Structure formats: C-alpha cells, structure tokens
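A.B. asks: here are the coordinates; sequence isn't available:
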C-alpha cells in the first residue's frame with residue numbers, strides 16, 4: 001500500500017496540472033519554461049513547442065525576482081504579461097521552489113488579475129471621490145459606532161478622524177431636537193429604509209449648525225445589514241437665509257397690513273341724512289387694494305361728487321399708484337367745473353402715477369340736489385346699476401381708461417332722479433361676480449347685502465369695490 005502512495009500523488013498532481021483553469025509553469029533556475037499546462041497554452045496563445053522554447057522573461061517585463069542562474073524560494077509579485085498576439089494583461093505570479101528529478105525547479109501559478117485591478121481602480125476612484133466630497137460622509141457599524149468619516153466631516157464638525165472614529169454620532173447632538181426624531185431615524189434604517197431629514201447639531205467647539213442628512217443601511221451579498229451610511233450637507237447658511245427671509249416676510253406682511261389699514265382709513269364712512277343714504281363695499285383681493293373710492297359734499301352742500309378708481313394690477317406697487325391717484329382725485333374733483341373736464345384733467349396729470357404698462361379704470365358721478373340730476377362720466381368702468389323712473393337696470397356709457405391717452409375725449413351724461421331712486425356704482429372686480437345673477441335693484445337693502453356677499457366670495461379674483469346710493 002505504502003509503495004503505491006508516491007505514484008498516486010504523482011497521478012493526482014498530473015490530473016490537477018492538466019485540468020486546472022489557472023496557468024501553471026515549471027521553470028529551471030535560468031527561468032526557462034520546461035513545462036506548461038493546457039491553461040498556459042490557451043492563455044498565452046503559443047503552441048506548446050514554441051512555449052517550451054521560451055523563458056519567463058519572454059512573457060513579461062519587470063521580472064528581476066528571477067535573476068538567471070540563481071535560486072529562488074517562494075514569493076508573490078505582479079507583472080505585465082504579453083500574449084502571442086501582442087495583447088497584455090496584469091498578472092499575479094505565485095512561485096515556489098520545488099525539487100524535480102533531483103534538481104531544483106520553480107513552480108509558478110499565474111492569474112490574470114485584470115478584473116481585480118479594474119475593481120481596485122474603481123474602488124480607489126470612489127474612495128477619492130468620497131474623501132474629496134463637498135458633503136460629510138459617515139460610516140458606522142450596526143451599533144452606531146463610527147468607522148469612517150471623510151475630510152469634509154472633519155472640516156464641518158471640528159473633530160479629527162482619530163477623534164471621531166470609535167465614537168457614536170450622538171457626539172454631535174445639540175439637544176435642540178426631540179428624541180422622537182432619533183427614534184424614527186433608527187427604526188427606519190434598522191428596517192432597511194432610508195431616512196431623510198434635518199439635524200440641528202453641535203460642533204466640537206459647541207457652535208450650532210444645520211445639516212440635511214440622508215442615512216441608509218449597507219447590506220452584504222447575503223442581504224444582511226452590516227453598516228450604516230450617512231451623507232450630510234451643511235445647510236447652515238441656507239437656514240439662516242430662510243430665517244432672515246421669514247422674518248423679512250413677516251415684517252413686510254405687518255407693514256402691508258398696516259398699509260391696508262391706512263388705505264382703508266382714508267375712505268369716507270357710510271352716509272345717511274335727509275338727502276341721501278350711501279353704503280360702501282371695499283374688499284381687497286390681497287392685503288392692499290388696487291381700488292379706491294371717494295365722495296364728498298361741495299358747492300355749499302348742494303352737490304355730492306364721487307368716484308371709483310380701479311388701477312390695473314394687485315399688490316403694494318398698485319396700491320401705491322392707487323393712493324397717489326386718490327390724492328390727485330380729491331384735488332381735481334373739488335374744482336367747480338363740468339365733471340367731464342375734471343376727469344380730463346385727472347387723466348392728464350395722472351400719467352406721473354403710472355408706468356408704461358399700467359393704467360386705471362374710473363367712473364365719476366355728481367348728484368345735484370338743487371336740480372335733482374345725476375351726472376356721470378365713464379372712463380374704463382363703463383356701466384352701473386340703477387333703479388329710477390328714467391332708467392332701470394344696467395346703464396352703459398362709453399369712455400376710455402385714464403392714463404393711456406393724453407386726450408381721452410370723455411363724455412358726461414345726465415339723468416334725473418327722485419326720492420327712492422337707487423344707483424349702484426362698482427368696480428369691474430365686483431361687476432364680473434354678479435354676471436349671470438339677477439338682482440332686485442328696486443330693493444336697496446337687498447341689493448346692498450347681495451353685493452357685499454359677492455364681494456366676500458372666494459370665487460373673486462380681483463378687488464371688489466362699490467358705492468351704493470339711495471336718494472332719501
């Protein structure tokens with residue numbers, strides 16, 4: 001039995017030699033190839049006779065580990081090898097000195113490590129990208145112990161890699177966030193999910209800062225969670241900007257609210273006496289309005305003049321234009337001249353209030369209680385509602401916008417009125433809302449209530465303003 005063991009071992013070795021997928025060579029001490037397995041023939045592309053006439057140096061360069069005529073022991077090194085067609089591949093050579101036929105030989109196993117090199121280079125590139133990343137990168141084990149932090153983490157937090165590794169990320173906790181945030185985070189990532197959110201953390205020097213974080217699990221090839229990865233961006237500047245913006249917006253809102261109150265305070269109150277009753281509607285679409293109105297007595301209390309102005313647009317800029325126009329309107333409409341001429345004058349001087357692409361719609365009226373007449377001029381608001389012996393329903397009149405042409409060519413119209421007559425002047429924003437609805441213009445109270453309801457409707461898309469008149 002024992003005498004057959006060496007033969008058995010030789011047989012097994014020969015089987016391995018022939019069937020191995022890896023390149024195997026046997027060299028003499030001068031580096032000459034004296035045996036090559038089938039994998040070597042296939043890998044290098046030489047026929048066996050040609051290959052057995054070559055040295056290891058013929059297959060590649062940088063092989064000073066095999067100086068000719070000297071013995072070697074065992075070792076491992078890498079070199080570039082060449083095939084018969086001139087193509088090359090990175091090779092890993094494992095060698096060991098063996099005895100054959102009472103002579104020392106060198107046995108080599110050669111592996112093509114091209115794929116490994118590709119992966120190593122890819123890993124190196126990824127490692128460089130992570131290290132140079134503008135975001136902080138933290139890797140922990142499954143217990144939360146830090147195993148890796150990149151350069152950006154150190155720059156942001158003030159902790160060196162040596163100080164951070166082995167610690168728990170809780171060293172960054174500021175106490176500014178409730179425990180529920182961290183519980184949700186841990187429950188999410190330990191179940192394999194991704195957690196995204198913001199941290200108000202603390203640096204090594206106790207300075208607070210904000211981070212936007214994405215934290216997820218890293219799994220091995222078997223799907224088991226082995227580590228956790230956190231990628232975090234310093235958003236302190238952004239948060240400070242947002243806070244400043246919010247404060248500025250809050251301040252602006254307060255100022256606009258104040259402007260709206262001031263704007264409303266300039267409006268005349270409701271009026272009721274032996275001659276006339278006037279109710280008004282004023283509902284800005286935003287905090288301030290592009291509409292305004294005014295009415296006042298003049299000529300010894302025998303006449304009441306008024307108007308509604310609707311400047312095109314919304315917001316603060318439009319409200320400022322409206323306020324300027326209101327000041328001009330009072331100055332112009334107090335003058336004792338025909339109503340159409342007053343509108344003409346307002347049109348001429350109002351150009352200073354408008355930009356190139358802005359203008360205003362207006363309707364003006366004058367009640368003469370001596371002659372019982374209503375005079376009106378339309379300038380962009382070209383209709384109003386009336387209930388009188390002379391006219392009932394929608395009263396229409398031509399007239400272009402003010403602020404568009406230096407000479408608008410405005411016309412004034414006159415109708416008689418008597419006790420119990422009703423006149424409803426309103427801006428486009430309110431008139432558009434009542435389109436398709438029937439109002440009982442005979443009932444001053446009912447119409448006033450309905451128009452007030454329309455003005456507060458969530459369907460409106462514009463300022464809603466009205467002067468509602470009943471002759472007493």
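C.D. replies: Perfect, thanks for sending it. It should be emphasised that the depicted structure is a prediction, and the values quoted were computed from it without experimental measurement. Numbering: from 1, shown residues only.
A.B. asks: how about the strands in the stretch 251-400 of the chain?
C.D. replies: In the stretch 251-400 of the chain, the segments counted as strands under DSSP state E, counting those that start in this stretch are 271-272, 276-283, 291-298, 303-311, 360-368, 373-379, 383-387, 392-396.
A.B. asks: contacts for the last one?
C.D. replies: Right, strand 392-396. For strand 392-396, contacts defined as CB atoms under 8 Å, 6 or more residues apart in numbering pick out 376, 378, 382-386, 415, 441. For the C-beta atoms, the positions are set from N, CA and C on the backbone; glycine is no exception.
A.B. asks: how about that strand: buried residues?
C.D. replies: When burial is assessed from 16 or more other CB atoms under 10 Å, strand 392-396 yields the following buried residues: residue 395.
A.B. asks: and that strand, which strands flank it?
C.D. replies: If you go by DSSP bridges, strand 392-396 pairs up with strand 383-387 (antiparallel).
A.B. asks: measure how the strand it pairs with sits relative to strand 360-368, angle-wise.
C.D. replies: 30 degrees (axes from the mean of the first three to the mean of the last three CA atoms, to 10 degrees).
A.B. asks: tell me the angle of strand 383-387 relative to strand 303-311?
C.D. replies: Orientation check (the same axes, to 10 degrees): strand 383-387 against strand 303-311 gives 140 degrees.
A.B. asks: show me what strand 383-387 is in contact with.
C.D. replies: With CB under 8 Å, 6+ apart as the test, strand 383-387 has contacts from 363, 376, 392-397, 415, 421-426, 431, 439, 441-442, 447.
A.B. asks: thinking again about what came up before, can you redo the strands of the stretch 251-400 of the chain as JSON lines with distance to residue 164?
C.D. replies: Formatted as JSON lines, the strands of the stretch 251-400 of the chain follow (distance: least, CB to CB, whole Å):
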{"stretch": "strand 271-272", "distance to residue 164": "76"}
{"stretch": "strand 276-283", "distance to residue 164": "60"}
{"stretch": "strand 291-298", "distance to residue 164": "63"}
{"stretch": "strand 303-311", "distance to residue 164": "61"}
{"stretch": "strand 360-368", "distance to residue 164": "66"}
{"stretch": "strand 373-379", "distance to residue 164": "74"}
{"stretch": "strand 383-387", "distance to residue 164": "75"}
{"stretch": "strand 392-396", "distance to residue 164": "78"}
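A.B. asks: any chance of those in TSV, with distance to residue 55 and mean pLDDT too?
C.D. replies: Converted to TSV, those look like this (distance: least, CB to CB, whole Å; pLDDT from 0 to 100):
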stretch	distance to residue 55	mean pLDDT
strand 271-272	118	96
strand 276-283	100	97
strand 291-298	100	94
strand 303-311	97	95
strand 360-368	100	96
strand 373-379	106	97
strand 383-387	108	96
strand 392-396	111	94
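A.B. asks: what's the closest of the ones you listed to residue 51?
C.D. replies: strand 303-311 (95.7 Å; CB to CB).
A.B. asks: from the contact counts, what lies against the closest one?
C.D. replies: Applying 3 or more CB pairs under 8 Å, 6 or more residues apart in numbering; DSSP states H and E, one finds that strand 303-311 contacts strand 291-298, helix 315-333, strand 360-368, strand 422-426, strand 464-471.
A.B. asks: and that strand with strand 276-283, angle?
C.D. replies: Angle, strand 303-311 to strand 276-283, by the same axes, to 10 degrees: 10 degrees.
A.B. asks: strand partners of strand 303-311, parallel vs antiparallel please.
C.D. replies: Strand 303-311 has its sheet partners listed here by DSSP bridges as strand 291-298 (antiparallel), strand 360-368 (antiparallel).
A.B. asks: including distance to residue 249 and mean neighbour count, could these go into JSON lines?
C.D. replies: Output for the strands paired with strand 303-311, formatted as JSON lines (distance: least, CB to CB, whole Å; neighbours: other CB atoms under 10 Å):
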{"stretch": "strand 291-298", "distance to residue 249": "25", "mean neighbour count": "21"}
{"stretch": "strand 360-368", "distance to residue 249": "29", "mean neighbour count": "24"}
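A.B. asks: make a markdown table out of the ones you listed and add distance to residue 458.
C.D. replies: Formatted as a markdown table, the strands paired with strand 303-311 follow (distance: least, CB to CB, whole Å):
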| stretch | distance to residue 458 |
| --- | --- |
| strand 291-298 | 18 |
| strand 360-368 | 24 |
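A.B. asks: where does residue 436 land in three-state SS?
C.D. replies: coil (DSSP: H, G, I helix; E, B strand; the rest coil).
A.B. asks: and it, how far from residue 289?
C.D. replies: Distance of residue 436 to residue 289, given as CB to CB, to the nearest Å: 25 Å.
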